[in-house]
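Asker: output the structure for:
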Amino acid sequence: MTPGTKTLALVAALAFACTDATTDEGTRDEGTAQDAGAGDDGEFADRVPGMDAGSDSSDASHPSDASSDASETGDGGREEAGTRDEGATDDGGSRDEGTRDAETPDAGPPKEDDSEVVSADLPGTLACGASHQGSVTMRNTGTATWTRLAGYKLGALGDADPFISGDPRVWLPEGVSVAPGGTYEFPVTLTAPGSPGTYTTDWQMVHESAHWFGATAKKDVQVQCAAGVDASTMEKKLLMGYQGWFYAPGDGSPINHWVHWFRSPSDPSAQNATFDLWPDLSELDADELYATNMTMPAGGAARLYSAWTQKTVVRHFGWMEDNGIDGVLLQRFASELRDPRFLTARDQVTRNVRAGAEAHGRVFAIEYDISGMNEANIPDDLKNDWRHLVDDLGVTQSPRYLRHKGKPVLFVWGFGFDDRPGTPAQASDLIGWFKSGAGANYQVTLAGGVPTHWRALTGDSKTDPAWLPVYRSYDIINPWAVGRYADDKGADDFKKNQIAPDLADAKAHGVEYMPVIFPGFSWHNLFPQNPPNQIPRRGGRFYWRQAYNAVSAGTTMIFSAMFDEVDEGTAMMKAAPTQNDVPNEGTFLSLDADGEALPNDWYLRLAGEASKMLRGEIPASTTMPISP
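Answerer: So this is what the prediction gives:
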């Protein structure tokens, strides 16, 4: 097995073997130069693992007027959805911009079911993909007491709302009752669509299987999108891999324990840590952080984040926008998708990435990793999951989903590696299906994450000659390079012996080429026999030399490994500047590991400069154009 990994699963598979329903997540060989001292690669066993809105109705009457005539439908007893009041202003203008639209109560005795709006925390503007944690407070003005058991809840009118992708109804919690005259504040989370415009969100009370009733809270919301990165092409783009595989107890995910941070799902202590680079979390809010058993020099518990939390992922995309980084390739580990928990979690991370890309004008695309899959399941599992992403999650409908040559971009990583599953026949079948055999909605521009030595069928590549035409049948070829060299001379030799001839071969066969660059490497906590800071970053000079080599060789697109891979120390996101910013316990890297003082965002800034060099906005040079 070649040294180094992308996804680290075998170690965790052993560590998590005692937990329920663990799965495998693929690993990429991240070995060190000369394969020195690398341990067995493997995978973290724990994988982390949705939602449709109903149709709108357009009856001209106000829903509270129509509610007494609403009848139970045949779809599981759900009553007819309320309709929206498109009431005009006095001058015949557009819909009321206010947050309340209460009817004047009819004269006569109180109704059994009736309500009025007390207040509504609904935004006036939102950025594309951004979320707002709001609420609607309703007063019970009827004679019946509201309880969950009795079927009382708040609902989005028409059971559809442009800001809601999940259940459009908000239940009362168990044990809560709202007596006549009482009030209740219903929490409402709104996520803006990916396209700019004016959208209306409106809410009314529902008596399940009976009728909609009472006043309506509504608001017209201006959705504004950043101009953003051109999503129609991969040309001149530097894209980062985004693992999105971190989870924590209490994060709300169906996993509900530590994943990819620690060997133990329940003991977040230093001796169980499986990551080396400590992320800088100083900007994160309290509701984005989860306490470990470690402590910080300044006092208090050391805390970490979860990719389940949308606010955190959207924040990451804000960092990308701030530094001019084009976007990400979201890693989707296919070995975990048969576990409903991990499928649910991975789908949520996909939504989070989409929200971040739409909010900050970045691009994203999906990259499947086949590591750890049951070989017999590979073709069907990938085809079925892609249908799921396209049909159920609608990923390719996002204006921020990356396209190239008129089709959505999709990466598949792992075919042909000597320690990964898959046969040439399976790979050929999948490539043909994705490129032209599938229905038009599912066809893609397909990139292949292939072994370093794909041309020679040596080293990390399987040796069957049938693999070479498979590699050349991708639209874009993306050879893995993390850990294949450790210094500038090694990087220069790699350019001469791999990148330049790879690029020539790809061009000769009508294939585009995308090299991989990385900032450094360290996986001491995962494999203690290996030293910390195994491939030093040297203040960014190692990364910059690789970026220069890729550009000067004539490549037009670059894969930067990785945005958030703290496990193996290749993360480019904000990281702890000094040892005063890492826990008192354990061994963790900070950005001053090579004796240079660097700001927490240094590698994001450097990637932004590399993007400019790729686009020709600054000259190609071996000297970094910025200083800390």
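
Asker: in the stretch 251-400 of the chain, which spans are strands?
Answerer: 290-295, 301-304, 327-333, 363-369 (DSSP state E, counting those that start in this stretch).

Asker: what lines up beside the second one in the sheet?
Answerer: Sheet pairing of strand 301-304 (DSSP bridges) gives strand 290-295 (antiparallel).

Asker: which of the strands of the stretch 251-400 of the chain is buried the deepest?
Answerer: strand 327-333 (a mean of 27; mean count of other C-beta atoms under 10 Å). Glycine gets a C-beta too; all of them are placed from N, C-alpha and C.

Asker: okay, now Arg338: neighbour count?
Answerer: 16 (other C-beta atoms under 10 Å).

Asker: nearest spatial neighbour of Asp251, skipping sequence neighbours?
Answerer: Take Asp251 and drop its neighbours on the chain: the residue closest to it by C-beta to C-beta, 6 or more residues apart in numbering is Ser306, 3.8 Å away.

Asker: verify the stated contact: that neighbour with Pro249.
Answerer: No - taking C-beta atoms under 8 Å as the definition, Ser306 is not a contact partner of Pro249, at 9.2 Å.

Asker: common neighbours of the two, please.
Answerer: Tyr290 (C-beta atoms under 8 Å, 6 or more residues apart in numbering).

Asker: more neighbours: which of those two?
Answerer: Neighbours were counted for Ser306 and for Pro249 using other C-beta under 10 Å; Ser306 has more, 26 against 16.

Asker: so which helix or strand of the protein has the lowest pLDDT on average?
Answerer: helix 63-66 (a mean of 31; mean pLDDT, DSSP states H and E).

Asker: turn the strands of the stretch 251-400 of the chain into JSON lines, including mean pLDDT.
Answerer: Below are these laid out as JSON lines (pLDDT from 0 to 100):
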{"stretch": "strand 290-295", "mean pLDDT": "98"}
{"stretch": "strand 301-304", "mean pLDDT": "98"}
{"stretch": "strand 327-333", "mean pLDDT": "98"}
{"stretch": "strand 363-369", "mean pLDDT": "98"}
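
Asker: redo those as TSV? Include distance to Val206.
Answerer: Output for those, formatted as TSV (distance: least, C-beta to C-beta, whole Å):
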stretch	distance to Val206
strand 290-295	35
strand 301-304	39
strand 327-333	36
strand 363-369	35
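
Asker: to Asp220, which of the ones you listed lies closest?
Answerer: Closest approach to Asp220 among these is made by strand 363-369 (28.7 Å; C-beta to C-beta).

Asker: which residues in this structure form helices?
Answerer: With DSSP state H, the ranges of helices along the chain come out as 10-15, 63-66, 310-322, 340-360, 378-391, 424-432, 467-471, 488-494, 500-508, 541-552, 602-615.

Asker: between those helices, which one is closest to Ala179.
Answerer: Using C-beta to C-beta, the nearest of these to Ala179 is helix 63-66, at 20.8 Å.

Asker: how many neighbours does Thr578 have?
Answerer: By other C-beta under 10 Å, the residues close to Thr578 number 14.

Asker: kindly report the same for Gly299.
Answerer: Neighbour number of Gly299 under other C-beta under 10 Å is 7.

Asker: low-confidence stretches in the protein?
Answerer: 1-108 (pLDDT under 70).

Asker: 50 instead, please
Answerer: Within the chain, the segments meeting pLDDT under 50 span 1-27, 29-106.

Asker: domains for it, by residue range?
Answerer: 63-224, 307-615 (automatic domain parsing).

Asker: most tightly surrounded among these?
Answerer: Ranked by mean neighbour count, the domains of the chain are led by domain 307-615 with a mean of 21 (mean count of other C-beta under 10 Å).

Asker: measure it end to end?
Answerer: 31 Å (C-alpha to C-alpha, to the nearest Å).

Asker: from Ile618, how far out is Pro110?
Answerer: Per C-beta to C-beta, to the nearest Å, Pro110 is found 72 Å from Ile618.

Asker: likewise for Gly175?
Answerer: Where Ile618 is concerned, Gly175 sits at a distance of 62 Å (C-beta to C-beta).

Asker: equivalent analysis for Asn441, please.
Answerer: Separation of Asn441 from Ile618 (C-beta to C-beta): 40 Å.

Asker: sorry, back to before: make CSV from the domains of the chain and add distance to Lys237 to it.
Answerer: Shown next, in CSV, are these (distance: least, C-beta to C-beta, whole Å):
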stretch, distance to Lys237
domain 63-224, 19
domain 307-615, 4
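
Asker: which among these is found nearest to Thr295?
Answerer: Minimum separation from Thr295 across the domains of the chain (C-beta to C-beta) falls at domain 307-615, 5.2 Å.

Asker: pretty sure Ala302 is touching Gly586, no?
Answerer: No - look at Ala302 against Gly586 with C-beta under 8 Å: they stay out of range, at 9.1 Å.

Asker: who touches both of those two?
Answerer: Met294.

Asker: who's in contact with Gln546?
Answerer: Contact analysis of Gln546 by C-beta under 8 Å, 6+ apart lists Ala491, Ile517, Phe518.

Asker: in CSV, list those residues along with distance to Trp278.
Answerer: Below are the contacts of Gln546 laid out as CSV (distance: C-beta to C-beta, whole Å):
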residue, distance to Trp278
Ala491, 26
Ile517, 22
Phe518, 18
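
Asker: against Phe518, how distant is Cys225?
Answerer: Cys225 sits 32 Å away from Phe518, going by C-beta to C-beta.

Asker: which of the contacts of Gln546 sits closest to Arg403?
Answerer: Nearest to Arg403 among these, with distances taken as C-beta to C-beta, is Ile517, at 23.5 Å.

Asker: and the closest residue to that closest one other than its chain neighbours, how far from Ala610?
Answerer: Closest residue in space to Ile517, ignoring its immediate chain neighbours: Gln546 at 3.8 Å, by C-beta to C-beta, 6+ apart. Note on Gln546: its distance to Ala610, by C-beta to C-beta, is 9 Å.

Asker: shared neighbours, the two?
Answerer: Ile517.

Asker: any chance of the backbone angles for the nearest residue to Trp544 once chain neighbours are set aside?
Answerer: Ranked by C-beta to C-beta, 6+ apart and with sequence neighbours excluded, the top spatial neighbour of Trp544 is Met624, at 4.8 Å. Torsion angles at Met624 (phi, psi; degrees, to the nearest 10) stand at phi -60, psi 140.

Asker: could you pull up the contacting residues of Met624?
Answerer: Met624 makes contacts with Gly540, Arg541, Trp544, Leu606, Glu609, as judged by C-beta under 8 Å, 6+ apart.

Asker: same check, this time on Gly250
Answerer: Counting by C-beta under 8 Å, 6+ apart, the residues that Gly250 touches are Asn256, Tyr290.

Asker: how much space separates it from Ala273?
Answerer: 19 Å.

Asker: now swap in Thr445 and tell me
Answerer: From Thr445 to Ala273 the distance is 39 Å (C-beta to C-beta).

Asker: residue closest to the middle of the chain?
Answerer: Nearest residue to the geometric centre of the chain (C-alpha atoms, centre = their mean): Val353, 3.4 Å.

Asker: next up, the contacts around Trp146.
Answerer: By C-beta under 8 Å, 6+ apart, Trp146 lies in contact with Asn140, Tyr152, Leu172, Ser177, Val178, Tyr184, Met205.

Asker: surely Asn478 is in contact with Met514?
Answerer: Yes - between Asn478 and Met514 there is a contact under C-beta under 8 Å: 4.5 Å.
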